[in-house]
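# Sharing a sequence plus its predicted fold:
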Amino acid sequence: MHNDKKTVEFEEILDKINLENPAPAGEPERQYYYIKKARQYVKEKSQELGRKLTACPQTFGCQMNFRDSEKITGILELIGYEVIDSEEADFVIYNTCTVRENANLKVYGHLGKLKGLRKKNPYMMIALCGCMMQESHVVEKIKKSYSFVNLIFGTHNIYKFPELLVTALESQRMVIDIWKDTDQIVEDLPAERKYDFKSGVNIMFGCNNFCSYCIVPYVRGRERSRTPEAIIDEIKRLVADGVVEVMLLGQNVNSYGKNLEEPISFARLLQEIEKVEGLERIRFMTSHPKDLSDELIEVMANSKKVCKHLHLPVQSGSTEILKKMNRRYTKEQYLNLVEKIKTAVPDISLTTDIIVGFPGETEEDFQETLDVVRKVRYDSAFTFIYSKRSGTPAAVMENQVPDDVVKDRFDRLLKEVQSIATEVCAVHEGTVQPVLVEQINHQDAALVTGRLSNNLLVHFRGGADLIGKIVDVKLTECKGFYYIGELI
Ligand code: 5AD
Ligand code: SF4
C-alpha cells in the first residue's frame, strides 16, 4: 500500500500540534489535531494490551466508496492502527452502499455476525458510514436492533472521521453525526492507496439528475466540483509517488465544472490533466448520455492518454421507460450518440448499465432494450434488477413488475449481453496492445494480469518486476471476457 502524500509530511504537521491547546476551527487543521489525539488513545490502549490495535475497514458499493475507504484507511494508519482484512479486529468500519436493497441486506448480515465477535473482544469498536447512513429509517433500525454500534456518520462529513472517532472513544453511547447536505470540500487529508501504480481521483461529488429510481442524489447531495487546480495538484503528487493511471470519479463527470466560480468543461479538464508529465493513462466514470459533449468526443479521439473506453449507462432502451426514469434522452438520441462516438473513436470499447423491471416495463419495452444491446454491441454490461428505493419517485409508481417476469427478462438480457460481449471482445485477437501490468495472476503464479486501454484483462507469462509497467503484449487467444497473451 502507498500513501498519497508522504508520511513524513504528515508527521511534520502532527509534530507541531500542541494538544494542550483547544482544537483549531479551520479544516483540515482541526482533523490533524484529532488524529494526534486519537493516536494518544490508541497508544495507551495498545500499551495496556501489549499489542498493536487492529482496524478493518470494509467497503460496499461503487468506486467512490472504495476511494472514500482509502481515505479512511490513510487516517487509521496515521492514528496507529494496524489495518487488517479480518473482521476479528479492534475496530471494524463498514462503508455502506444503498443503491439497491441487496447492498443494505449485506450490511445487516455482517452486523449480525459482529455481535458474536464483539462478545469475544470487549474492546471492539464498530463504525458505520456511507450512503446507507444518510437514510433516517436505517439509522433508526440500527439504534433499535444493533445498539452495540459505536459510531455512525454519513457521506458529507467523512473528512471529520478523526474528530468523530475521538468523540466515540470518549463516549459510552452511540455517536451519530449525519448531515443532510454540504457545500464543503475538504482537501489534503491522508489516503492509503490499494495499488501503487493507479488511483481513483474524485473530481466531483453528488448528483443533480434525480433519475426516478435512484437514491444517490438523496444520499450524496448536490453536485460539487473540485477546482481543476486541486485535482491537478493531487494527480501530480500521485504521479511523483509512482502512479501512471488515474480514474477520475464522479456520478456524472460530464457536468463537471459547471458550478465552479470559473466554469470549465470536463473535456477541458481532461486536456489539462493530459499535460501532467509521467501520467500515462486517464480513465473516468460515470458519463450521463444527456451531457456527453462533442468537445469530449473530440478530446477522446485525439488524446494519447485518455483510454479507449466509455461507460455510458443506457438503463433502458424504451423511450417511454426512459421518460419515466427521468433520463432525459430517447432511444434514438442514445443510438445517435453511440454512432457519433464510434465514428470518431473507431476502437472505442463501450460498456453500460441496464435496469430491468422498472415500474410499467412491458415486454415491448424490454424488446427495445434488447434492440439497443444488439445495435450498440457492448463490450460488457452491468445488468440490474430494479430495486425499489423508498423516497424515490419510482417507488410509488403503479404497475410494479412481478418478480417472475423480471427474473425471466433479466435472464434473457444477460444471455444476449454475454453472447455479444464474447464476440466483441474477440476482435482484438492477434493484435499487439499496450498493457498496464496490475498483479500476479491469482490462479497461476507464473502469469501476470494486465489491463488493456479498453479495460479488458490479459494474462501472460511474466514476473512481479513488471507490475506497474506498461508493456506491449500480443493477444494470442480470446477466452470470452479476457485474453491470453505473450509479452513482446
Ligand atoms: N434499482 C436497480 N438498479 C439501480 N441502479 C441505480 N438505482 C437502481 C435501482 N433502484 C443502477 C443503475 C446505475 C447503477 C450504478 O446502479 O443502473 O447506473
Ligand atoms: Fe443516480 Fe441518475 Fe445520478 Fe446516476 S445520474 S447517480 S443513476 S440519479
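Yep, that arrived. Ligands and ions are numbered 1, 2, ... in the order given.
# C-alpha from now on. contacts and neighbour counts both.
Fine.
# How many residues are close by the closest residue in space to H288 that isn't next to it in sequence?
Of all residues not flanking H288 in the chain, N252 sits nearest, at 5.7 Å (Cα to Cα, 6 or more residues apart in numbering). N252 is flanked by 23 other residues according to other Cα atoms under 10 Å.
# Check what pLDDT N252 gets.
In this model, N252 is scored at 94, pLDDT.
# I'd say it and K290 touch.
No - counting by Cα atoms under 8 Å, N252 does not reach K290; the two are 10.1 Å apart.
# Nearest residue to the middle of the chain?
Centrality entry for the chain: nearest residue to the mean C-alpha point is Q63, 1.0 Å, by Cα atoms, centre = their mean.
# Does the nearest residue to E398 once chain neighbours are set aside belong to a helix, a strand or coil?
Of all residues not flanking E398 in the chain, P359 sits nearest, at 6.5 Å (Cα to Cα, 6+ apart). Assigned with DSSP: H, G, I helix; E, B strand; the rest coil, P359 falls in the coil class.
# Tell me which residues touch P359, please.
By Cα atoms under 8 Å, 6 or more residues apart in numbering, the residues touching P359 are 394, 397-401.
# Name only those of these that count as buried.
394, 400-401 (16 or more other Cα atoms under 10 Å).
# Tabulate those (a markdown table), appending secondary structure.
Formatted as a markdown table, these follow (three-state DSSP):
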| residue | secondary structure |
| --- | --- |
| A394 | helix |
| Q400 | coil |
| V401 | coil |
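# Show me which of the residues you listed is closest to N21.
Among the buried ones among the contacts of P359, A394 lies closest to N21 (Cα to Cα), at 51.5 Å.
# T7 versus the nearest residue to E280 once chain neighbours are set aside, what's the distance?
Excluding its sequence neighbours, the residue lying closest to E280 (Cα to Cα, 6+ apart) is V244, at 5.1 Å. V244 sits 20 Å away from T7, taking Cα to Cα, to the nearest Å as the criterion.
# Same check on C207?
Distance, C207 to T7, using Cα to Cα: 33 Å.
# Looking at the two, which has the bigger crowd around it?
Neighbour tally, C207 and T7, criterion other Cα under 10 Å: the higher count belongs to C207, 21 against 14.
# ok, the more buried one touching N254?
No - with contact defined as Cα under 8 Å, C207 does not reach N254; the gap is 11.2 Å.
# got the residues of the protein near ligand 1?
Selection of the chain residues close to ligand 1 by Cα under 6 Å from any ligand atom yields 99-100, 213-214, 313, 315, 353-355, 384-389.
# and the chain, which residues reach ligand 2?
207, 209-211, 214, 216-217, 251-252.
# Which members of these are the farthest-apart pair?
C214 and N252 (13.3 Å).
# Would you reformat the contacts of P359 as CSV and include pLDDT?
What follows is the contacts of P359, written out as CSV (pLDDT from 0 to 100):
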residue, pLDDT
A394, 97
M397, 96
E398, 92
N399, 93
Q400, 91
V401, 96
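# Nearest to G116 among the residues of the chain next to ligand 2?
V216 (32.3 Å).
# what sits against that closest one?
Shown in contact with V216 (Cα under 8 Å, 6+ apart): 99, 131, 206-207, 210.
# thought W179 was touching N157?
Yes - counting by Cα under 8 Å, W179 touches N157, with 7.0 Å between them.
# May I have the lengthiest helix in the chain exported as CSV, CA atoms only?
What stands out as the longest helix in the chain, according to DSSP state H, is helix 403-425. Coordinates of each C-alpha in helix 403-425 appear next as CSV, following Å, rounded to 0.1, in the frame of the first residue of the first chain:
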residue,chain,number,x,y,z
ASP,A,403,-40.8,-10.9,-9.7
ASP,A,404,-41.0,-13.9,-12.0
VAL,A,405,-41.5,-11.7,-15.1
VAL,A,406,-38.5,-9.6,-14.1
LYS,A,407,-36.3,-12.6,-13.5
ASP,A,408,-37.2,-14.1,-16.9
ARG,A,409,-36.3,-10.8,-18.6
PHE,A,410,-33.1,-10.5,-16.6
ASP,A,411,-32.0,-14.0,-17.7
ARG,A,412,-32.8,-13.3,-21.3
LEU,A,413,-30.9,-10.0,-21.2
LEU,A,414,-27.9,-11.5,-19.5
LYS,A,415,-27.7,-14.2,-22.2
GLU,A,416,-27.8,-11.6,-25.0
VAL,A,417,-25.3,-9.3,-23.4
GLN,A,418,-22.9,-12.2,-22.8
SER,A,419,-23.1,-13.7,-26.2
ILE,A,420,-22.5,-10.3,-27.9
ALA,A,421,-19.7,-9.4,-25.4
THR,A,422,-17.8,-12.6,-26.3
GLU,A,423,-17.9,-11.8,-30.0
VAL,A,424,-17.0,-8.1,-29.4
CYS,A,425,-14.1,-8.9,-27.1
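# So for that helix, mean pLDDT?
Across helix 403-425, pLDDT averages out at 97.
# Contacts for that helix, please.
Contacts for helix 403-425 (Cα under 8 Å, 6+ apart): 356-357, 366, 370, 373-374, 377-381, 383-385, 456, 478, 480-482.
# Now with 10 Å, please.
Here helix 403-425 makes contact (Cα atoms under 10 Å, 6 or more residues apart in numbering) with 349, 351, 354-358, 361-363, 366-367, 369-370, 373-374, 376-386, 400, 454, 456, 478-483.
# What is the subsequent helix or strand relative to it?
Per DSSP states H and E, the first helix or strand lying C-terminal to helix 403-425 is strand 432-440.
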